[in-house]
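>>> Any chance you could fold what I've pasted below:
(2 chains)
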2 protein chains.
Amino acid sequence: MPELRKDPIMGRWVIVSTERNSRPSDYKFPADLGSDDTANCPFCPGNEHLTPPEILAYHPPGRKPNTRDWWVRVIPNKYPALRIESEPNRKGEGMYDRMGGFGAHEVIIESPAHNVQWGDMSEKSLRDVIWAFRDRTIELKKDTRIRYVLIFKNHGRAAGATLSHPHSQLIGLPMVPIRVQQEMIGAKNYYAYKERCVFCDIVSEELASGKRLIGSNEHFVSLAPYASRFPFETWIIPAQHSCHFETINEKEADSLASILKLSLKKISSHLGNPPFNMTIHSTPIGELGTPHYHWHIEIMPKLTHVAGFESGSGFYINPMPPETAAELLNRH
Amino acid sequence: MPELRKDPIMGRWVIVSTERNSRPSDYKFPADLGSDDTANCPFCPGNEHLTPPEILAYHPPGRKPNTRDWWVRVIPNKYPALRIESEPNRKGEGMYDRMGGFGAHEVIIESPAHNVQWGDMSEKSLRDVIWAFRDRTIELKKDTRIRYVLIFKNHGRAAGATLSHPHSQLIGLPMVPIRVQQEMIGAKNYYAYKERCVFCDIVSEELASGKRLIGSNEHFVSLAPYASRFPFETWIIPAQHSCHFETINEKEADSLASILKLSLKKISSHLGNPPFNMTIHSTPIGELGTPHYHWHIEIMPKLTHVAGFESGSGFYINPMPPETAAELLNRH
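Numbers count the residues shown, from 1 in each chain, chains lettered A, B, ... in the order given. Modelled structure (predicted):
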């Protein structure tokens, strides 16, 4: 069973497996993704029996659960990092703090098509994916033990994906991830001084200068952030102040699908379908809307190896100015 | 010229190249390390003319600078992330903050031998490497514009190394890296409540339980941290409270060389010379010794791909319990 452990210096929680049968050879780089083997792909239509029973599916009326004919399908992760049957009992262990491995770990199968990428999916399909993120977040909010729903996508092996069929993941956590905590503290400090939301300020600054803009529409702005850590790092921010991702309405979900598709299409056509990671940062569950924190999406193409001094120090070297990144992405 | 840019939300500084001639193809994964080509290796003895002139070398008496016959050689990085000739002028840019790309970026060539690893080097050679870290830090402290000396090593391609000849790097920065800042805040909070240093507490806890211990001697403890983020993550902590790395004396440097060799030997013999990253965390220059912060070394073997949700959220999943890691490393 996994457990949650707190680093006593940083206050950072880590999911630690406590199964003792692991061997050093289990920690080599994973093999290449099986690419075109749709017969054995657990996420392909017709193979629904290879996954745990679905939690949610968007499908035509009259379909039986766990059969083919769906657009988006959400299932529990077969190898969950955390388990909903556990309890988040907090306990001391010597000087340290731990919690049971409680949480939800779900997989969002984004499309019946085995080889489609976000940049090629229809806006309607991407909208369904966004809507599944929303539906699952609203559902998981009902469990008062869950404090945060972390939505993320690993695309490509170098970004951590082990299956190539398009999918995202969601982890419902009994605490707030430290990066979101730290962003909220930073945003609060900015608000304390300026009495404005730092994300709202970024949106106006970037729309005005245009230098780092990748796209914009009625509800969203896509941009290369001023202090980008990685080449072609891309953020998508709601144009109007909005705290919680899951309050998104249908019209906004359409706009988000459209700007996601545009951004990913630019990235993949200029960089050749690179591996990338996507995460949604949002105000934690149970916290009311705040004037200082604004949900957003971070997309990080994996083009360079992050050298260890970067994860060891929090200090990044980015060889690509975001202005150049935006200019290159905007070329036809 | 590079510049330093501050993320307005997190307050994190990033080195951003501002050269506009980069192309997307420059950001693919680097080619494999040339392994045995000592004739063209700029770090091999006899090739001193291939590097910028040395800043420091340990050598027999009577040697001319930049010739062969050295044990450790420190040179400016040929492709520096920051330049000492710049000035750290702080400026606003719209709502953002920037600084000139001021800083020192040096390479410590650890041995004349092209293919030797830390686990195989003699304790005397490793001690010389540690002493070069110390000497350069003390020298760079004299420049009052430098606030932090970040010492790190990338071993192996997956850890970001581009040359295989054993070397470490040092970056003298006009600010404190955010991870060290955050650790200092965390350690201060712990001290405020307990009136004890959290690192001193970790040392006693781990020596007492022994469960996560990799080694110990008179001056240092090597351990798998309780909330390890990565399989086989290893920390080396001074056994007695010590704030600044560069106050290390000769006897302590001998002890550190000995425990570093022991730890790396265990890692490489059980895991087959894996890529790893090493960083030294220390109290910033210009800050007096504090009762709450304790310098230490973090070693992170790169055995798994870190999935992006981890860098995106600060939330880690570690499939290897540190107790098992220590047990495996301690097997004969």
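>>> Please count neighbours and contacts with C-alpha atoms only from this point.
Will do.
>>> how about the strands in the stretch 51-200 of chain A?
A:56-58, A:72-76, A:90-93, A:96-100, A:104-109, A:148-155, A:167-173 (DSSP state E, counting those that start in this stretch).
>>> Of all the ones you listed, which one is nearest chain B?
With Cα to the nearest Cα, the closest approach to chain B among the strands of the stretch 51-200 of chain A belongs to strand A:148-155: 5.9 Å.
>>> Identify all contacting residues around that closest one.
Identification of contacts with strand A:148-155 by Cα atoms under 8 Å, 6 or more residues apart in numbering or on different chains yields A:133, A:137, A:140, A:160-161, A:164, A:166-177, A:275-281, A:284-285, B:307-309.
>>> repeat for stretch A:206-216
A:221-226, A:259, A:262-263, A:322-323, A:325-327, A:329-330.
>>> Restricted to helices, list these.
With DSSP state H as the criterion, helices contain A:259, A:262-263, A:322-323, A:325-327, A:329 from among the contacts of stretch A:206-216.
>>> For ChimeraX, write the selection for the buried entries among those residues.
Applying 16 or more other Cα atoms under 10 Å in any protein chain shown to those, the buried members can be selected in ChimeraX as follows:
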select /A:259,262,263,322,323,325,326,329
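>>> now the ones in helices among the contacts of stretch A:206-216 as TSV including pLDDT?
Shown next, in TSV, are these (pLDDT from 0 to 100):
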residue	pLDDT
A:Ile259	98
A:Leu262	97
A:Ser263	98
A:Pro322	95
A:Glu323	95
A:Ala325	94
A:Ala326	96
A:Glu327	95
A:Leu329	95
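>>> What is the nearest of the ones in helices among the contacts of stretch A:206-216 to A:Ile9?
If you rank the ones in helices among the contacts of stretch A:206-216 by distance to A:Ile9 using Cα to Cα, A:Pro322 comes first, at 33.2 Å.
>>> pretty sure that closest one is touching A:Thr234, no?
No: look at A:Pro322 against A:Thr234 with Cα atoms under 8 Å: they stay out of range, at 9.1 Å.
>>> shared neighbours of the two, anything?
With Cα under 8 Å, 6+ apart as the test, A:Pro322 and A:Thr234 both reach A:224-225.
>>> Now A:Lys141: closest residue in space that isn't a chain neighbour?
Among residues not flanking A:Lys141 along the chain, A:Ile285 sits closest, at 6.6 Å (Cα to Cα, 6 or more residues apart in numbering or on different chains).
>>> ok, residues contacting stretch A:106-126?
A:36, A:38, A:43-45, A:70-77, A:80, A:129, A:132-133, A:164-171, A:254, A:257-258, A:260-266, A:268.
>>> go on, stretch A:321-332?
A:211-214, A:223-228, A:231-233, A:266-267, A:270, B:16-20.
>>> For the residues you listed, which PyMOL command selects only the ones that are buried?
Buried residues within these, by 16+ other Cα under 10 Å, are selected in PyMOL with:
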select buried, (chain A and resi 211+212+213+214+223+224+225+226+227+228+231+232+233+266+267+270) or (chain B and resi 16+17+18)
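>>> Can you list which of the contacts of stretch A:321-332 are found in helices?
Among the contacts of stretch A:321-332, the members found in helices (DSSP H) are A:266-267, A:270.
>>> now, among these, which is nearest to chain B?
Lowest distance from chain B to the ones in helices among the contacts of stretch A:321-332 (Cα to the nearest Cα) belongs to A:His270, with 7.3 Å.
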